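Participant: need coordinates for the following:
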Amino acid sequence: MGHQYCPWGCFLSGLLRWSFRDKLFGVPTNDTNVAGPNMDPVAIRDGVEVTDIDAQRPLGEPPAVQARTPLSVVGVGAAVVAIVLLGLNLRLVFGSASAMIVEIRGAYGLGAGSAALLTTGPVVCLGVFAVAATRAVRRWSVPAVLTGCLMLVLVGTALRGVAGWPVLVFGTLLAGVGIAVANVLGPILIRLLFPHRLGVMTGLFTALVSASAGIASGVTIPLDTSVFHSWRITLVAWAVPSVFAVAAMALVAWRYHRGADHEAAVTAPPSTARPSTPRPSAPGWEGGVLRSPTAWAVTGFMGLQSLLAYSMIAWLPTIYRDRGQTAESAGLLLTVLSVSSIATALTVPVVAARFRRQRGLAVAVVALSVAGLIGVLGGGVGLAVVWAILLGLGQGGQLSLALTLINLRAPDTSTATSLSTMAQSIGYLVAALGPITAGAIHGATGSWTTPLVVLLAVMIPLTLCGWTAGRGAPATMRT
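Facilitator: The predicted structure follows:
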């Protein structure tokens, strides 16, 4: 049998080859200042590259000479693979459960409210448990915490195949806990490893996050009907990508820890016990973000765009099934939405990182979602793919811009971690209201018209938040 062409394999292989040639992800040299607007994750002092915490060292204290960067310690290839697999595994739970919701309700005799635990419950976890990220990184490194998060996703996803409704809910929520903390630390890992390529790496990460839910939604039913013939085994199968993600992130965490120990042994004087490098001191909570209008605008933008995204993940297939489409066709609409989001998820962060202000970009990505919602509201199934593409382009751009703004508006790693925690904890609690409210309004009216009109109205505050967050002011108490 001849060799089969694998476009995703060729893409990743080419991407890694390019990275090793130092074209895209290369380690910054000490004679290049790679700091972006309103941030200084890597600064240059006396010709020596230093991190956030190094830049804050008193001038009287001698800087570490030729300190290695986290990326040089971890390795470019390992870092890229870990970020790719992290992004891919942060939404598979949502898409796979949404696709099988009819079968699950039939197996356990569930009503709409109980079934919502599988789609909305994890979103609530994203808000409730995001605050744990700041505490976790005070004790462990960012890669180590992310390894633990991915292990929770792996175990929770696998538990969904065990018979029993309580076990199914527990596994889903356990995975949601891991995803909650990983959501916060994903942008921080990118800032740590690729401060010189924030736009490119945030785009790659966001593209995979955006696409993964739709990929799972579109592939789950064919896997069930053609391969496994059991919805439980099908849900368990989605734990396989988590295995690879855990292995990749564990390698990064191990190299990071080993490099820190080696650097400490090399740079510390015999009589001095210095903290490990290249890891900066653990980022703490910066309370100033709670008094920053910019921080609240970023939080509102993250929350409202997520509200729209999870409403579509939960109900878009159902809307078109109610209009007469088959389960397979309706599920593929979510796949189209997610795959189309890759285009804006890849490009918007690169554009955003090149400018001090991102107001016009925020308005543009919201306008795409407005056009898609109007199309879905118009009814009919003939142009359903077109409306799904527009929604996907809008959502990919909005999520990637929200994650990019977290780093662009933060002057240091501590502020970035605090802003990411704030934006995603409060933001995802807001987002959880979307699927619940849309489903409740549909149940009360028997029509999808009113829920879609409400989602259209949400686009107004979303635009205002994006405009404010894109002004260019830092997210600190001085704002």
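Participant: any weak-confidence spans in the stretch 1-150 of the chain?
Facilitator: 1-67, 112-113 (pLDDT under 70).
Participant: can you map out the strands along it?
Facilitator: 42-45, 48-51 (DSSP state E, counting those that start in this stretch).
Participant: can you check the stretch 251-400 of the chain too?
Facilitator: Using DSSP E, counting those that start in this stretch, strands in the stretch 251-400 of the chain do not occur.
Participant: how about the helices in it?
Facilitator: 293-322, 327-353, 359-377, 384-408 (DSSP state H, counting those that start in this stretch).
Participant: what do you get for the stretch 51-200 of the chain?
Facilitator: 52-55, 70-74, 76-88, 92-99, 101-108, 112-119, 121-128, 132-139, 142-159, 165-193, 198-223.
Participant: point out the most buried one among these.
Facilitator: Ranked by mean neighbour count under mean count of other C-beta atoms under 10 Å, those are led by helix 92-99, which reaches a mean of 27. Using the backbone N, CA and C atoms, a C-beta is placed for each residue, glycine as well.
Participant: packing partners for the helix ranked longest in the chain?
Facilitator: Counting by DSSP state H, the longest helix found in the chain is helix 413-445. Contacts defined by 3 or more C-beta pairs under 8 Å, 6 or more residues apart in numbering; DSSP states H and E place helix 413-445 against helix 52-55, helix 112-119, helix 121-128, helix 132-139, helix 165-193, helix 293-322, helix 384-408, helix 449-469.
Participant: comparing those, which yields the minimum mean pLDDT?
Facilitator: Across the helices and strands packed on helix 413-445, helix 52-55 has the smallest mean pLDDT, namely a mean of 40.
Participant: low-confidence ranges in the stretch 151-300 of the chain?
Facilitator: 260-287.
Participant: in space, what's closest to Leu192 - neighbours in sequence excluded?
Facilitator: In this structure, Leu192 finds its nearest non-sequential neighbour in Pro70, 5.4 Å apart by C-beta to C-beta, 6 or more residues apart in numbering.
Participant: please identify the most buried of the helices of the stretch 251-400 of the chain.
Facilitator: Among those, helix 384-408 has the highest mean neighbour count (mean count of other C-beta under 10 Å), at a mean of 27.
Participant: now for that helix, which elements pack on it?
Facilitator: Helix 384-408 packs on helix 165-193, helix 198-223, helix 293-322, helix 327-353, helix 359-377, helix 413-445, helix 449-469, going by 3+ C-beta pairs under 8 Å, 6+ apart.
Participant: tell me which of those sits nearest to Leu150.
Facilitator: helix 165-193 (6.6 Å; C-beta to C-beta).
Participant: just give me the neighbour total for Leu464.
Facilitator: 17 (other C-beta atoms under 10 Å).
Participant: contacts only, for it.
Facilitator: When contacts are counted by C-beta atoms under 8 Å, 6 or more residues apart in numbering, Leu464 touches Gly300.
Participant: so how far is Arg359 from it?
Facilitator: 11 Å (C-beta to C-beta, to the nearest Å).
Participant: for Val376, same thing?
Facilitator: For Val376, the distance to Arg359 - C-beta to C-beta - is 27 Å.
Participant: then Met422?
Facilitator: Distance from Met422 to Arg359, by C-beta to C-beta: 21 Å.
Participant: swap in Gly148?
Facilitator: 38 Å.
Participant: same question, Leu316
Facilitator: 29 Å.
Participant: what's the answer for Gly396, then?
Facilitator: Taking C-beta to C-beta, one finds Gly396 at 19 Å from Arg359.
Participant: now Pro349
Facilitator: Pro349 is 16 Å from Arg359, by C-beta to C-beta.
Participant: and Leu390, by the same measure?
Facilitator: 21 Å.
Participant: same question, Pro317
Facilitator: When Pro317 is compared with Arg359 (using C-beta to C-beta), they lie 34 Å apart.
Participant: same check, this time on Leu86
Facilitator: 30 Å.
Participant: could you do Ala245 as well?
Facilitator: 35 Å.
Participant: with Leu110 instead?
Facilitator: Taking C-beta to C-beta, one finds Leu110 at 45 Å from Arg359.
Participant: same thing with Val381?
Facilitator: Val381 is 36 Å from Arg359, by C-beta to C-beta.
Participant: now Ala82
Facilitator: 33 Å.
Participant: Arg321 too?
Facilitator: 38 Å.
Participant: contacting residues around stretch 94-113?
Facilitator: Here stretch 94-113 has contacts from 114-115, 118-119, 122-123, 160, 165, 168, 172, 212-218, 220-221, 224, 231, 234-235, 238, 310, 313-314, 317, 327, 331, 334, 338, 439, 443, using C-beta under 8 Å, 6+ apart.
Participant: go again with 7 Å.
Facilitator: Residues outside stretch 94-113 that contact it (C-beta atoms under 7 Å, 6 or more residues apart in numbering) are 115, 118-119, 122, 165, 172, 212-217, 220-221, 231, 234-235, 238, 313-314, 317, 331, 334, 439, 443.
Participant: what's the local residue count around Arg258?
Facilitator: So Arg258, with other C-beta under 10 Å, has 12 neighbours.
Participant: for Trp231, that is, sorry about that
Facilitator: Neighbours of Trp231 (other C-beta under 10 Å): 23.
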